[in-house]
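Novice: With the input below, show me the fold.
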Amino acid sequence: MKTSPQAKKIRLAIVGVGNCASSLIQGLEYYRKASTDVKENHVGLMHYDLGGYTPESIEVVAAFDIDKRKVGQPLEKAIYALPNCTKNIVAEIPATGITVQMGTALDGISPHMDDYPEHRAFRLSSEKPVDVVKVLKDTQAEVLVCYLPVGSEKAVRFYAQACLDAKVGMVNCMPVFIASDVEWAQRFKDAGVPIIGDDIKSQVGATIVHRVLTKLFENRGVQLERTYQLNTGGNTDFLNMLNQERLKSKKISKTEAVQSQLKTPLDPENIHIGPSDYVPFLNDNKLCFLRMEGTGFGGIPLHLEMRLSVEDSPNSAGVAIDAVRCIKLALDRKISGVLKSISSYTMKHPILQFSDSEAHQNVEDYIAGRLDT
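Specialist: As a prediction, the model looks like this:
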């Protein structure tokens, strides 16, 4: 097992201290204390040591949110605050010295949140927003992870611009098209800033499973004719997505992730992918119901049905840890713009799609220095 020098740190800023941020931060503490066996077998991680950086290398230096129960709170308290409802990885984390600061709201909270109880929904803080660019510069942040709610189009663009202004690498976990937008991608390239995006793909989640099965059908000569993917959950992400107006980019992202695995995409009437409903008592548990209808040998029908149950936020945290470290490698190597290999591997809507096996090999080549992006 390689061990990274303690001096090699990654200074991380986080926007959106929700369930995903909670799982990520708790996970960093978990791997700090993990046994040698866990680290050597990189249990729960795609890479324990990635280019000389381990999870312990990541140090959170700034955090932004707009919920009144988190703004002004120590980060180690805010990650457990309502409406967060993910399962705890560790019971508590040591004092971080980081206070959650008031970010810029814009379209970060959907109006329909007011129709739901406080312990389930976002509630806007009355605090004055801080100067995000100044905070990023003052804390010497190197990477920003964006965990804003689905539909926060204006807010995500605001933080993307802040990354450009502060020269901070960005991991865009949200389905707002920044890294996959040609104009934004060029802006990051011109600014000398690396970016990974868009819309994070869980470790073993609905999208990755659907993609792999779609590729399997095609590789094994079964013609996929119709498919759906319905997802339910009880966290604020699912509550947020009850507002159909905020779902457009999310549905595009998830649908294109599957369609990209087919030589001939399905007719839009024959593919349906997206959230189905909000079920409060599920909390952070996400249920995926998947159906695929195809034609096999001799014209004989083949139908597949599957149910997947996962804790949604921890399922993406290990992916985010790899993305953060790949951004740091880009900074070390003076690489800017979209990191195409890791974007295709970790995101649903990258600027360039590969099969998951190809994407995996591209990431290994990038880490080893055989690929520039």
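
Novice: Could you tell me how many residues sit around residue 269?
Specialist: By other C-beta atoms under 10 Å, the residues close to residue 269 number 7. Quick note: C-beta positions are derived from backbone N, CA and C, even for glycine.

Novice: err, residue 331, not the other one
Specialist: Count around residue 331 with other C-beta under 10 Å applied: 18.

Novice: again, but for residue 279
Specialist: By other C-beta under 10 Å, neighbour count at residue 279 equals 13.

Novice: what does residue 308 give?
Specialist: Residue 308: 16 neighbours (other C-beta under 10 Å).

Novice: from now on call the first residue 30
Specialist: Shifting the count to begin at 30 puts that one at residue 337.

Novice: what sits up against the helix or strand where it lies?
Specialist: Per DSSP states H and E: residue 337 is located in strand 330-340. Residues from elsewhere that reach strand 330-340 (C-beta atoms under 8 Å, 6 or more residues apart in numbering): 115-116, 231, 233-235, 238, 242, 251, 313-325.

Novice: Could you do stretch 126-133 as well?
Specialist: Defining contact as C-beta under 8 Å, 6+ apart, one finds that stretch 126-133 is touched by 44, 46, 89-95, 99-104, 107, 154, 156-159, 161, 164, 184, 187-188.

Novice: How about stretch 274-294?
Specialist: For stretch 274-294, contacts defined as C-beta under 8 Å, 6+ apart pick out 139, 178-180, 182, 204-206, 227-228, 230, 235-236, 239-240, 243-244, 247, 253, 256, 258, 269-270, 295, 300, 302-304, 377-378, 382, 384.

Novice: who touches residue 134 in this structure?
Specialist: Residues near residue 134 by C-beta under 8 Å, 6+ apart: 95, 153, 158, 184.

Novice: Was I right to think the first one contacts residue 137?
Specialist: It refers to residue 95. Yes. Between residue 95 and residue 137 a contact is recorded at 5.6 Å, counting by C-beta atoms under 8 Å.

Novice: Just give me the longest helix of this structure.
Specialist: helix 343-362 (DSSP state H).

Novice: and that one, how far from the chain's centre?
Specialist: Counting by C-alpha atoms, centre = their mean, to the nearest Å, helix 343-362 is centred 11 Å from the centre of its parent chain.

Novice: what's downstream of that helix, the next helix or strand?
Specialist: Moving toward the C-terminus from helix 343-362, the next helix or strand (DSSP H and E) is strand 366-367.

Novice: Please report the distance of residue 134 from residue 275.
Specialist: 15 Å (C-beta to C-beta, to the nearest Å).

Novice: got it, and residue 157?
Specialist: Applying C-beta to C-beta, the value for residue 157 to residue 275 is 26 Å.

Novice: the more surrounded of the two?
Specialist: Each of residue 157 and residue 275 has its neighbours counted (other C-beta under 10 Å); residue 275 has more, 19 against 6.

Novice: which one is residue 349 nearest to, not counting chain neighbours?
Specialist: residue 53 (5.5 Å; C-beta to C-beta, 6 or more residues apart in numbering).

Novice: so the one you found sits right up against residue 346, yeah?
Specialist: Yes. Counting by C-beta under 8 Å, residue 53 does reach residue 346; the two are 4.5 Å apart.

Novice: Any buried residues in the helix or strand harbouring residue 315, and which?
Specialist: Per DSSP H and E: residue 315 is located in strand 314-324. Across strand 314-324, burial judged by 16 or more other C-beta atoms under 10 Å covers 314, 315, 316, 317, 319, 321, 322, 323.

Novice: Could you list the paired strands of it along with their orientation?
Specialist: Strand 314-324 has the following strand partners under DSSP bridges: strand 252-262 (antiparallel), strand 330-340 (antiparallel).

Novice: Most tightly packed of those strands?
Specialist: strand 252-262 (a mean of 19; mean count of other C-beta atoms under 10 Å).

Novice: C-terminal to it, what's the next element?
Specialist: helix 265-269.

Novice: what about the strands in the chain?
Specialist: For the chain, the strands defined by DSSP state E cover 39-44, 87-94, 130-131, 172-175, 198-201, 223-226, 252-262, 300-307, 314-324, 330-340, 366-367.

Novice: out of those, which comes closest to residue 73?
Specialist: strand 330-340 (11.8 Å; C-beta to C-beta).

Novice: pull the CA atoms of that closest one into PDB?
Specialist: C-alpha atoms of strand 330-340 as PDB (Å, rounded to 0.1, in the frame of the first residue of the first chain):
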ATOM      1  CA  PRO A 330     -39.000 -11.700 -26.400                       C
ATOM      2  CA  LEU A 331     -36.700 -11.100 -23.400                       C
ATOM      3  CA  HIS A 332     -37.900  -9.000 -20.500                       C
ATOM      4  CA  LEU A 333     -35.800  -7.900 -17.500                       C
ATOM      5  CA  GLU A 334     -37.100  -6.400 -14.300                       C
ATOM      6  CA  MET A 335     -34.900  -5.300 -11.400                       C
ATOM      7  CA  ARG A 336     -35.300  -3.500  -8.100                       C
ATOM      8  CA  LEU A 337     -32.300  -1.700  -6.600                       C
ATOM      9  CA  SER A 338     -32.200  -0.300  -3.000                       C
ATOM     10  CA  VAL A 339     -29.300   2.000  -2.000                       C
ATOM     11  CA  GLU A 340     -28.500   4.700   0.400                       C
END
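
Novice: chain center to that strand: distance?
Specialist: Relative to the chain's own centre, strand 330-340 is displaced by 23 Å; criterion: C-alpha atoms, centre = their mean.
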